[in-house]
Every structure is written in structure tokens, then in C-alpha cells.
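>>> Here is my input, please return the structure:
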Amino acid sequence: MTLRFSVLASGSTGNAFYVETDQQRFLVDAGLSGKQMDQLFSKVHVDPAALSGILVTHEHSDHIKGLGIMARKYNLPIYANEKTWKAMENSIGKLTTDQKFLFGMNEVKTFDDLDIESFGVSHDAAEPMFYTFRHGGKKVALVTDLGYVSERIKKTVEDADAYIFESNHDVEMLRMGRYPWSVKRRILGDSGHVSNEDCGLALADIISNRTKRIYLAHLSLDNNMKDLARMSVQSVLQERGINIELHDTDPKEPTPLYEVV
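Reported below is the predicted structural model:
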């Protein structure tokens, strides 16, 4: 009974997440070119031809850039909700009807030995949603691209064995940075991205004794740094008496395949 995953790529330039059990192998998002996606898979020694399918979170290009290419090259089914399908149709090229599947918001789908639950997030896309994965009593939660962490999201993702959680920006770096004010306002707003501090506050509410692994994800290239994100989140957690190691993710390098035990 094994549940394994790798954060293939994470950041404002491209996102991809891989999860597998003994019977199922899923990619969540393909936000890099087809060539880059293949390279990432080879680094974790996974054959993309063996994928069961691709789950889509939302239609922004840093999540779907290589989606159509991967689906056509390996003849893979794609799962997304109706509004996301409409929003991304023109960006991903032609697919056959038998590659298009609906995965509704707040729905649980069972694929053999893997239960996947979708939940909505506050982000400026058509109908963005992320996922939790359950197998053999273990739970992994993928939570990025959200302006704030609602109580409903906390309830869905609490008490997981592992988290891939957004720690997008340092608020001061963003405020002082080169982005136009309209972009800053979007990122700081309720449908933008979660800051380091807010990431720490949310994690403090949802992690439990069973939580063994936390990856900080979707870091902004311009408004954050790995060390800063780790230190900021760590200090919020420590203030609340929580000591747990935090792990980095990278826009170009996958994390080693991790087995949830």
C-alpha cells in the first residue's frame, strides 16, 4: 500500500505535480513545455506514457502550457470542471472526445486504489480548484493559487500526512518591488496568492500529529526567496509551538519521489 508523489515544478513560471499508487499515476497540471515536462519525468524515473490521466486545477498558462502536447503525445485523458474546460479550450489545441472528462467542484472520484477530492479556491480564474489524494489511510493535500485560506478549505485539507502549500510572496518584497500597483493589488487581494505569513497561519490551523512533510510551493521569482519563505513560515509555526521541517520546491527541478509512510 504505497502513496508517492513529486512536486515536478512549482513557481510563477510553471507548475506540475505527480502522484502515484500501485495502480494509478496522475499528473496535476502541465505548466511547462512538453519537452520540459518529459525532462522532469525522466529525473524522477517515471514514464509519462504510463500515466492514468491529467487533472487540471485552472486555465492559467503556468498550469496548462504543456497540457495539450502531453495529452496528445501520450493519448491521456484530461479531467477538469466545465468552466475550466471552456476557459482553456482555445489554449490547448485539438483533443479527441474520449480524452475529455468532467471533474466537478467539491467532488470525490475513485480511481481503483486512489480517492481524489476536488475543492474550490479563491483565485482569479474561471473556476479554480485543487485536490486531496487518499490511499490506504494516507492523505496528501495540494493547495496553491489561492488568495486566502477559507474555513471550508481548512476543513477539507486538515489532518493530512503531507502538504504542498502555497507560500507565494513576502509582503514587503512585493510592496517594494517593480510590479505595477494593479498587479500588486491583484496578488495581495482575496483572489490572488497566499503570502509566507498567511501560509504559516493556515498551516498552524490544519496540520496535526500525523503531518510528516510540508513543501512550500508556488514561490514568486520576483517577490520571494526559498530561505525567506522557510524562515517566515517556520517562525509563525514556532510561535504556535509547532516544530516541523519545511521542504523547498523549484520551478525547474523536481523534488525526489516521496513515499508517504
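>>> going forward, measure contacts and count neighbours with C-alpha atoms only.
OK.
>>> So which residues of the stretch 101-250 of the chain form helices?
With helices called from DSSP state H, counting those that start in this stretch, the stretch 101-250 of the chain shows them at 151-157, 171-176, 181-188, 196-206, 226-239.
>>> As CSV, those with distance to residue 257, mean pLDDT and mean neighbour count would be great.
CSV is the format used below for the helices of the stretch 101-250 of the chain (distance: least, Cα to Cα, whole Å; pLDDT from 0 to 100; neighbours: other Cα atoms under 10 Å):
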stretch, distance to residue 257, mean pLDDT, mean neighbour count
helix 151-157, 21, 97, 15
helix 171-176, 31, 95, 15
helix 181-188, 31, 94, 15
helix 196-206, 22, 98, 21
helix 226-239, 20, 98, 17
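>>> Take the ones you listed and lay them out in a markdown table including distance to residue 98.
Putting the helices of the stretch 101-250 of the chain into a markdown table (distance: least, Cα to Cα, whole Å) gives the following:
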| stretch | distance to residue 98 |
| --- | --- |
| helix 151-157 | 30 |
| helix 171-176 | 43 |
| helix 181-188 | 37 |
| helix 196-206 | 38 |
| helix 226-239 | 41 |
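>>> so which of those helices gets nearest residue 51?
Closest to residue 51 of the helices of the stretch 101-250 of the chain is helix 151-157 (Cα to Cα; 24.7 Å).
>>> what does the closest one contact?
Among residues not part of helix 151-157, those counted as contacts by Cα atoms under 8 Å, 6 or more residues apart in numbering are 119-121, 132, 141, 202, 205-206.
>>> Next: stretch 195-206.
148-149, 154-155, 157-159, 165-171, 188, 229, 232-234, 236-237, 240, 242.
>>> can I assume residue 164 is in contact with residue 212?
No. At 11.7 Å, residue 164 does not count as touching residue 212 under the criterion of Cα atoms under 8 Å.
>>> The two: which is more packed in?
residue 164 (23 against 16; other Cα atoms under 10 Å).
>>> what residues are up against the more buried one?
Residue 164 touches 7, 140-144, 214-217, counting by Cα under 8 Å, 6+ apart.
>>> With residue 250 instead?
Listed by Cα under 8 Å, 6+ apart, the contact partners of residue 250 are 9-11, 217.
>>> nearest to residue 100, of the residues you listed?
Nearest to residue 100 among the contacts of residue 250, with distances taken as Cα to Cα, is residue 9, at 24.1 Å.
>>> where's the closest one relative to residue 56, distance?
15 Å (Cα to Cα, to the nearest Å).
>>> Check residue 12 too.
From residue 12 to residue 56 the distance is 16 Å (Cα to Cα).
>>> Of those two, which one has the most company?
For residue 12 and residue 56, the more surrounded residue by other Cα under 10 Å is residue 56, and the numbers stand at 25 against 19.
>>> and the more buried one, what does it touch?
Contacts of residue 56 by Cα under 8 Å, 6+ apart are 28-29, 63-64, 78-80.
>>> again, only this time at 6 Å
Taking Cα atoms under 6 Å, 6 or more residues apart in numbering as the contact definition, residue 56 lies against 28-29, 80.
>>> confidence score at it?
Looking at residue 56, its pLDDT is 98.
>>> next one: residue 1
75.
>>> Can you give me the pLDDT of the residue nearest to residue 195 when sequence neighbours are not counted?
Using Cα to Cα, 6 or more residues apart in numbering and skipping the chain neighbours, the partner closest in space to residue 195 is residue 169 (4.7 Å). pLDDT recorded at residue 169 is 97.
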